[in-house]
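Trainee: model the structure of this input:
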Amino acid sequence: MLMRLRSYGAFYHKPAPMSATNIPRMVYNEQDMKRLSVIFCVAMLLGSSACVFNESGVGPMDDTDAGNTNTDTNANTNTNANINANTNDNTNQSPELCADGAVSGDETDVDCGGSCPAGCAAGEGCSGPSDCQSLVCDGTTCADPTCSDGVTNGDETDMDCGGSCPTGCAAGEGCSGPSDCQSLVCDGSTCALPTCSDGTHNGDELDVDCGGTCPLGCARIFESDGDTLAILELNGDLSDSSGNVRHAVALSGNFVPTFWGQGLPLQGAAPQGIDWSSYAGLLVHPYTIEIVLVPNDTACYRRIFSFSANSNYGWYYCNGFVAYPNGSIGNTFEAQVRHYLAMVSTAPDAIDLYVNGALVDSTNAAFTAPPTDVLFFQDDNANGSQFLAGTVDAIRLSSVARTPSEILAIQQRLDLQPHLP
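Mentor: Next comes the predicted model:
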């Protein structure tokens, strides 16, 4: 094609100028116009001009076309550059923008959120969870972390647990210390399952590694507090385990193993019993006397407590409970099972009786506090028949009227451990 054009040019003679009168009248169809346009454009490309396709067809590019083309090209280039710049701003926020003290780039608040490394604080703007320090975006505002937002945030060590949350984390969840875990055992950075040898009071244990489903029974039933006068756990002696050093005296008997360490056996004959009379003056209203024991029989009359060594007056098993000389209250007690008795003063001369955590009835106490003596399981007559036979596990004396919830808590503790080996 090029060769032909060049050869045509070699024999080309410039014709005379045409006027309006001598313009040849020629008729071209559409196909002819296309062929001519292509030939014309190729010819122009051989020179210094360029050709463009415009509204009038194909022809040389004049200054106007060149300007428009350059303008359009530059405009497109600039537009593309702006798009690229905006795209780069959204995905690669420069460090300078994240520290310019203004909301810039893709930030959702001043120097935070978006692609900035810093999350926004509570109350600052956000468009999604990742914009917030708390990872919680409430509408368009970052929220404070809570212990119920379904996210690990704040000082939590796992989702909504540990740290300052009231709920400890379950086994397998994260922790930074024992207090973060339900088991109170943090193994490295993971909460561990409770065991009966981890040196911690956890799981269903009643005390450290004992009671509940652990093979070892616990030796302590009662806890000491500021209202405790004395606790006699009877684990081999009559020492006061409350720390108040108000020890009792054993009138007789050797200690035997029980599921609560040890207990004091009662033979049902003299001499037997426990004497706490040295501190009788402390037993003023309000007071509570709690006893955990297993009686061999509960027929009339088996003395539980007396306030004078020289009087028949006192508290007895007699099918029900009797504060002699008053009548019996409550149902007949079952023998050979553990009983938890709590006698709570309601007046200097009156008591409420709780049995196994439940209130039974009220009765006159048969004495006015404080008593002269404090004697347990001893008959006033050495030759009498009112001695109680059985085993005593523990006694607590308090200078307060223990509440129903406190008494129920002791029963629930007892229920988790059998009463006999």
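Trainee: when you work out contacts or count neighbours from here on, use the C-alpha atoms and nothing else.
Mentor: Will do.
Trainee: outline the domain layout of this protein.
Mentor: The record's domain split for the chain, according to automatic domain parsing, is 33-66, 228-415.
Trainee: do a quick rundown of the strands in the stretch 101-250 of the chain.
Mentor: Taking DSSP state E, counting those that start in this stretch, the strands of the stretch 101-250 of the chain run over residues 137-138, 141-142, 186-187, 190-191, 228-232, 249-250.
Trainee: what pairs with the first one, parallel or antiparallel?
Mentor: It refers to strand 137-138. Strand 137-138 has its sheet partners listed here by DSSP bridges as strand 141-142 (antiparallel).
Trainee: show the contacting residues for Gly113.
Mentor: By CA atoms under 8 Å, 6 or more residues apart in numbering, the contact set of Gly113 is Asp106, Glu107, Gly119, Cys120, Cys126, Ser130, Asp131, Cys132.
Trainee: same thing with Tyr317?
Mentor: Neighbouring residues of Tyr317 by CA under 8 Å, 6+ apart: Thr298, Ala299, Cys300, Tyr301, Arg302, Arg303, Ile304, Phe333.
Trainee: where does pLDDT dip in the stretch 301-421 of the chain?
Mentor: Low-confidence segments of the stretch 301-421 of the chain (pLDDT under 70): 381-383, 418-421.
Trainee: cool, and the chain?
Mentor: Filtered on pLDDT under 70, the chain yields the residue ranges 1-93, 381-383, 418-421.
Trainee: now with 50?
Mentor: Low-confidence segments of the chain (pLDDT under 50): 1-16, 18-28, 48-91, 420-421.
Trainee: in stretch 120-127, what counts as buried?
Mentor: Cys120, Ala121, Ala122, Glu124, Gly125, Cys126, Ser127 (16 or more other CA atoms under 10 Å).
Trainee: over to stretch 221-240?
Mentor: Judged by neighbour count (16+ other CA under 10 Å), stretch 221-240 contains these buried residues: 221-222, 228-235, 237-240.
Trainee: and those, which is closest to Arg396?
Mentor: The closest of the buried residues of stretch 221-240 to Arg396 turns out to be Ile231 (CA to CA; 4.5 Å).
Trainee: leaving out chain neighbours, which residue sits closest to the closest one?
Mentor: Nearest non-adjacent residue to Ile231, counting by CA to CA, 6 or more residues apart in numbering: Arg396, 4.5 Å away.
Trainee: cool, and Gly268?
Mentor: Ala389 (4.2 Å).
Trainee: the one you found pairs with what?
Mentor: The partner residues for Ala389, given DSSP bridges, come to Gln267.
Trainee: burial check on it, number of neighbours?
Mentor: Using other CA atoms under 10 Å, Ala389 is surrounded by 20 other residues.
Trainee: next secondary structure element downstream of whichever helix or strand Trp315 is part of?
Mentor: Secondary structure from DSSP states H and E places Trp315 in strand 314-318. Toward the C-terminus, strand 314-318 is succeeded by strand 320-324 as the next helix or strand (DSSP H and E).
Trainee: coming back round to it: mind putting the buried residues of stretch 120-127 into a markdown table with distance to Asp373?
Mentor: Below are these laid out as a markdown table (distance: CA to CA, whole Å):
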| residue | distance to Asp373 |
| --- | --- |
| Cys120 | 72 |
| Ala121 | 68 |
| Ala122 | 67 |
| Glu124 | 72 |
| Gly125 | 75 |
| Cys126 | 75 |
| Ser127 | 77 |
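Trainee: now the residue nearest to the spatial centre of the chain. Nearest residue, chain neighbours left out?
Mentor: Taking CA atoms, centre = their mean, the centroid of the chain lies closest to Thr167, which sits 2.0 Å from it. Distances taken as CA to CA, 6+ apart place Cys161 nearest to Thr167, at 5.2 Å, with adjacent residues excluded.
Trainee: just Val344 next, same as before
Mentor: Spatial nearest neighbour of Val344, excluding adjacent residues (CA to CA, 6+ apart): Thr288 at 4.5 Å.
Trainee: repeat for Cys186
Mentor: Using CA to CA, 6+ apart, the closest residue to Cys186 is Pro178 (4.9 Å).
Trainee: rewinding a little: reformat the strands of the stretch 101-250 of the chain as TSV; add distance to Gln411.
Mentor: TSV is the format used below for the strands of the stretch 101-250 of the chain (distance: least, CA to CA, whole Å):
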stretch	distance to Gln411
strand 137-138	47
strand 141-142	49
strand 186-187	31
strand 190-191	31
strand 228-232	17
strand 249-250	26
